[in-house]
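[1] one predicted model, sequence on top.
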Amino acid sequence: MSKRDYYEVLGIDRNAAADDIKKAYRKLAMKYHPDRNPDDKEAEVKFKEINEAYEILSSPEKKQRYDQFGHAGVNGNGAGGFEGGFGGGGFDDIFGDIFDMFGGGGFSSRRRTGPQKGADIKYETTITFEEAAFGTEKTVEFHRNDSCDTCHGTGAKPGTSKKTCSHCKGAGEIRYAQRTPLGQIVNVKTCPHCHGEGQIIEEACLSCKGKGKIRKLKKIKVKIPAGVDTGMVIPIRGEGELGVKGGPPGELYVVLRVLPHRLFERDGNDIICEIPITFVQATLGDELEVPTLEGKVKYKIPEGTQSGTVFRLKARGIVSPKGYGKGDQYVRVIVEVPKKLTESQKDILRKFASESGEDVHEQRRTFFDKVKDAFGV
């Protein structure tokens, strides 16, 4: 089944700005969040699809590759817990292959037969807004190749052992001389019988089929510090794939994805929330109960508070993961206008307007007067 276009998943144009991408993601993530759709498999699939699309399009580098090559350009970089090779391969392999094309050389053979570091593993985990703010500990589960318990990594059947390769005498490579117009050249090739190992397994271990390693489910507890945000990476040294021929293991890279909050929005280390208040509270002032990440606090708003006014709660934001202090919380109050009034309530407002010297229709007439002036009608 082919993947849907990431722009289509988020419902945005291909020329959408970074802020538009973020807004679209937040809106859809809130809609299909597992907490809002318990036991809804379709919502769960859409939520994962939304997160995958956002990870690619929120990264300028990945977005550029996706725009140019489509899904093939970001293969292995999508969301979801998975393993992938960061380490291993790369330029050295290409360079070695070039040497092989022209008859092989000492450099290529030594590189292939020597110790090699294991591949790195990338794993993405999702945490809540609160876990990101205060820190947490997560158990990550992933598959990797570990040493076979039956043969202890030798690849040989228990009770047997590896034998020295009779073709290369344990060197793992074969040398042969070749005459050229420039003189005699000694070529070095990886032994085709032991594949550079220098040893041959006569009876393979039944558990690992002679590979010396077997795929296992690994569980590791990872401490996530306070103040992290989406896209941050926690490296776990030595927890990647096993090294080759005595080489060191690779690394595990835990990539974080923070879920949106139903009340708070993050801006750096600051957080923002909106609080609805009544017309009476805005007019006369009041003491509000304001939600924060650490619980509710009291805050007095003055008389005549206008809708959209922003108040600052110092040091009620998120700590810096680098220890540079703590952000603030900004509270934006929104005055809610009542939609259904009784006749008695309407009479009170009309009386209020009259005593204030106001005409309830004055603004409407003034607005249309401005329209007439602007269009000359």
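    That came through fine.
[2] for the stretch 51-200 of the chain, which residues score under the pLDDT cut-off?
    75-114, 180-183 (pLDDT under 70).
[3] quick one: the helices in it?
    Along the stretch 51-200 of the chain, counting by DSSP state H, counting those that start in this stretch, helices occupy 60-69, 91-101, 106-113, 129-134.
[4] domains in this protein, by residue range?
    163-200, 265-375 (automatic domain parsing).
[5] and the first one, which residues are buried?
    Spelled out, that is domain 163-200. Residues of domain 163-200 classed as buried by neighbour count (16 or more other Cβ atoms under 10 Å): 165, 168, 171-174, 188-191, 194, 196-200. All C-beta atoms are positioned from the backbone trio N, CA, C, and that covers glycine.
[6] before we move on, what about stretch 37-44?
    Within stretch 37-44, judged by 16+ other Cβ under 10 Å, the buried ones are Ala43.
[7] ok, now stretch 301-313?
    301, 305, 309, 311, 313.
[8] need the max-distance pair from the buried residues of domain 163-200.
    Farthest-apart pair in the buried residues of domain 163-200 is Val188 and Ile200; separation 19.6 Å (Cβ to Cβ).
[9] returning to that earlier point: closest to Lys213 out of the domains of the chain?
    domain 163-200 (14.0 Å).
[10] looking at the buried residues of domain 163-200, which are in strands?
    Within the buried residues of domain 163-200, membership in strands is found for 173-174, 188-190, 199-200, as judged by DSSP state E.
[11] reformat these as CSV; add distance to Gly325.
    Formatted as CSV, those follow (distance: Cβ to Cβ, whole Å):
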residue, distance to Gly325
Glu173, 59
Ile174, 64
Val188, 59
Lys189, 61
Thr190, 57
Gln199, 58
Ile200, 62
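[12] ok, those vs Pro338, which is closest?
    Lowest distance from Pro338 to these (Cβ to Cβ) belongs to Thr190, with 82.5 Å.
[13] specify the beta-bridge partners of Glu336.
    Thr278 (DSSP bridges).
[14] how about the contacts made by it?
    By Cβ atoms under 8 Å, 6 or more residues apart in numbering, the contact set of Glu336 is 276-279.
[15] what's the offset of stretch 251-266 from the middle of its chain?
    Chain-centre distance of stretch 251-266: 7 Å, with Cα atoms, centre = their mean, to the nearest Å.
[16] Gly327 and Ser320, how far apart?
    When distance is defined by Cβ to Cβ, to the nearest Å, Gly327 is 8 Å away from Ser320.
[17] same deal with Val222?
    20 Å.
[18] ok, now Thr305?
    With Cβ to Cβ as the criterion, Thr305 and Ser320 are 31 Å apart.
[19] show me what the helix or strand containing Ala24 is packed up against.
    Using DSSP states H and E, Ala24 sits within helix 18-31. Contacts defined by 3 or more Cβ pairs under 8 Å, 6 or more residues apart in numbering; DSSP states H and E place helix 18-31 against helix 6-10, helix 41-57.
[20] before we move on, the earlier item: list just the nearest of the buried residues of stretch 301-313 to Lys157.
    Nearest to Lys157 among those, with distances taken as Cβ to Cβ, is Leu313, at 68.3 Å.
[21] mind listing what the closest one touches?
    Contacts for Leu313 were tallied using Cβ under 8 Å, 6+ apart; they are 290, 292, 297, 299, 328-331.
[22] could you flag which of those residues are buried?
    Looks like those have 290, 292, 299, 328-331 buried, using 16+ other Cβ under 10 Å.
[23] and Arg4, how far is that from Asp347?
    In terms of Cβ to Cβ, Arg4 sits 57 Å off from Asp347.
[24] equivalent analysis for Phe311, please.
    Noted for Phe311: a distance of 34 Å to Asp347, by Cβ to Cβ.
[25] now do Leu341
    10 Å.
[26] any common contacting residues for Gly327 and Ser320?
    Asn269.
[27] quick one: which of these two has more around it?
    When Gly327 and Ser320 are compared for neighbours, Gly327 comes out ahead with 21 against 14, by other Cβ atoms under 10 Å.
[28] so the more buried one touches Ile272, yeah?
    No. The criterion here is Cβ atoms under 8 Å, and Gly327 misses it with Ile272 at 10.4 Å.
[29] quick one on the thing from earlier: and the ones in strands among the buried residues of domain 163-200, which is closest to Val255?
    Nearest member of those to Val255, counting by Cβ to Cβ, is Thr190, at 36.2 Å.
[30] show me what the closest residue to Thr230 other than its chain neighbours is bridged to.
    In this structure, Thr230 finds its nearest non-sequential neighbour in Val258, 4.6 Å apart by Cβ to Cβ, 6 or more residues apart in numbering. Note on Val258: beta-bridge partners Ile127, judged by DSSP bridges.
[31] can you check Glu289 too?
    Assigned bridge partners for Glu289, using DSSP bridges, are Lys298.
[32] wait, it touches Lys298, no?
    Yes. Using Cβ under 8 Å, Glu289 makes contact with Lys298 at a distance of 6.5 Å.
[33] so Gly210 lies in a strand, does it not?
    No. Under DSSP: H, G, I helix; E, B strand; the rest coil, Gly210 sits outside any strand and is assigned coil.
[34] residues contacting it?
    For Gly210, the contacting residues are 155-156, 201, 204, by Cβ under 8 Å, 6+ apart.
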